[in-house]
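Peer 1: What would the 3D arrangement of this be:
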Amino acid sequence: MKLFIKYMVSNRCKMVVKEELKALGLHFVFVDLGEVEIMEDLSLKQWDELKAILLTSGLELMDDKKGLLVERIKNVIIQMVHHTDEELKINFSHYLSEKLNHSYTYMANLFSEVQGTTIEQFIIANKVERIKELIIYDELNITEIAWKMNYSSVAHLSNQFKKVTGLSPSHFKQLKNKRRSPIEEIGNVKNENIV
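Peer 2: This is a model prediction of the structure:
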């Protein structure tokens, strides 16, 4: 049985879900970002137990088809931006359509309806958060970061970064108290914050 879990966006979340499944005596085939496959079919009682346990960890068991697709879109974007070391030399709309087997127009409209923001804005917010991370790690210079994150130029990266954070990348690098956002809060309209 396949389950979809909202806010499951990191390896730590995957560990929590594995532990909770084991505690309930459930056996998983795989646990991935936002998605779990278990060997058993859940009874209504087991569903409610799992849902309650996951909520205590800030995770949410999902059963709404539209919400499920939005979470899958978010997880694909998060995976590409935050959890791959490859350079982002892809067309996100084409990649999402191929990966999720839906037209991009349908997904974009649904995403905007459910999230109150566009897929493009969500991608930009995640890219800026990843750029902050790369600046803080100080392993790459801004030109290398621009290349890695698929910006046409340093100026393009800087303009987008400043539009989202209010700061230039170099000014952000100079800050002593660099604030980053948890992945699960990126792109949520009610949680938008500057830097």
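
Peer 1: residues contacting the residue nearest the centre of the chain?
Peer 2: In the chain, the residue lying closest to the centroid (CA atoms, centre = their mean) is residue 78, at 3.2 Å. Residues in contact with residue 78 (CB atoms under 8 Å, 6 or more residues apart in numbering) are 9, 33, 126, 183. (Glycine included, C-beta is placed from N, CA and C.)

Peer 1: Look up how far residue 69 lies from the closest residue to the first one other than its chain neighbours.
Peer 2: The shortest distance from residue 9 to any residue other than its chain neighbours is 4.5 Å, reached at residue 183 (CB to CB, 6 or more residues apart in numbering). With distances defined as CB to CB, to the nearest Å, the gap from residue 183 to residue 69 amounts to 19 Å.

Peer 1: now residue 14
Peer 2: To residue 69, residue 14 is 21 Å away according to CB to CB.

Peer 1: Equivalent analysis for residue 63, please.
Peer 2: 13 Å.

Peer 1: ok, the two, which is more surrounded?
Peer 2: Neighbour totals were compared for residue 63 and residue 69, and residue 69 leads with 18 against 11 (other CB atoms under 10 Å).

Peer 1: Contact partners for residue 135?
Peer 2: Applying CB under 8 Å, 6+ apart, the residues near residue 135 are 142, 145, 169, 172, 173, 178.

Peer 1: 7 Å instead, please
Peer 2: Counting by CB atoms under 7 Å, 6 or more residues apart in numbering, residue 135 touches 169, 172, 173.

Peer 1: quick one: secondary structure of residue 25?
Peer 2: Put simply, residue 25 is coil when judged by DSSP: H, G, I helix; E, B strand; the rest coil.

Peer 1: so how many other residues sit close to it?
Peer 2: Counted with other CB under 10 Å, residues neighbouring residue 25 total 8.

Peer 1: again, but for the one 10 residues further on
Peer 2: Here the number of neighbours of residue 35 (other CB under 10 Å) works out to 17.

Peer 1: Beta-bridge partners for it, please?
Peer 2: residue 4, residue 32 (DSSP bridges).
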